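J.: the amino acid sequence is not available; the structure is as follows:
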């Protein structure tokens, strides 16, 4: 869901303010956190936002629970990020019934995260989707590596990789629940090197740079993938795509997956 600041009705109700809703001057993001500035110049963020209701023109969002995700890898090897926040959110149309905003993820949790988009806007993305999964893997699009490089491109590459969107578009060639081994050269994810998996593809901000084998052959053969993504012509098959070749072509993230499927 994309939220533009200009679309806010500018009302904020939270447990810290009793029964009277506080007027909201602005709602912005700080890393993976929300920052609410109220009319009395109070600024709330992080766990202070638990219980708040944000009222939009045709939608209300209630932040039922807010907690920091303490398991996200940091950009320095062996460290953990402290700027990813998890929101359990309920939503309703005015006068309607509250319902969960997010679908359940593989762990059974229904969590939303902040995803900054263009200036002045952000999205709430769910832990069940590719954007949320990539944030929790450490590819936080707002963060930077020690050398100053933005992780935005790594996040985009990760999203395409999870969806097996070889062309960097809306068409994915995967199947829900398919295990994938993800790794990179910046220390956020290391290869598991599982015996039943083989090098699959290298991924950049605009999709795959080469493909050694399709993730789900029944969803698209190498020739079908190359027809869909012409830049991959001559870059498919194990002889044309391994980790070194993918890295030379600009891959940021690499994947391994099964060669056969039940």
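T.: That came through, no problem. Every value quoted in this text rests on a predicted model; they were computed, and no experiment measured them.

J.: count the residues that sit near the closest residue to residue 250 other than its chain neighbours.
T.: In this structure, residue 250 finds its nearest non-sequential neighbour in residue 204, 5.1 Å apart by CB to CB, 6 or more residues apart in numbering. C-beta: built from backbone N, CA, C; applies to glycine. Counted by other CB atoms under 10 Å, the residues lying close to residue 204 total 20.

J.: pretty sure residue 204 sits against residue 248.
T.: No - applying CB atoms under 8 Å as the test, residue 204 and residue 248 come out as separate, 11.8 Å apart.

J.: residue 74: neighbour count?
T.: What residue 74 shows, counting by other CB under 10 Å, is a neighbour count of 16.

J.: so where's the protein shaky on pLDDT?
T.: Low-confidence segments of the chain, defined by pLDDT under 70: 1-21, 261-262.

J.: in it, which spans are helices?
T.: 130-136, 152-163, 222-228, 243-248 (DSSP state H).

J.: name the helices or strands packed onto the longest one?
T.: Okay, so that is helix 152-163. On a contact count with 3 or more CB pairs under 8 Å, 6 or more residues apart in numbering; DSSP states H and E, helix 152-163 meets helix 130-136, strand 181-184, strand 197-204, strand 253-258.

J.: can you check what angle separates that helix from strand 253-258?
T.: 10 degrees (axes from the mean of the first three to the mean of the last three CA atoms, to 10 degrees).

J.: helix 152-163 vs strand 197-204, what angle?
T.: Computed by the same axes, to 10 degrees, the angle between helix 152-163 and strand 197-204 is 140 degrees.

J.: quick one on the thing from earlier: any chance of the helices and strands packed on helix 152-163 in TSV, plus distance to residue 99?
T.: Formatted as TSV, these follow (distance: least, CB to CB, whole Å):
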stretch	distance to residue 99
helix 130-136	19
strand 181-184	32
strand 197-204	35
strand 253-258	34
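
J.: of all the ones you listed, which lies closest to residue 153?
T.: Distance to residue 153, taken as CB to CB, is lowest for strand 197-204 among the helices and strands packed on helix 152-163, at 7.2 Å.

J.: returning to that earlier point: tell me which residues touch the residue nearest to residue 250, please.
T.: 153, 157, 249-252 (CB atoms under 8 Å, 6 or more residues apart in numbering).
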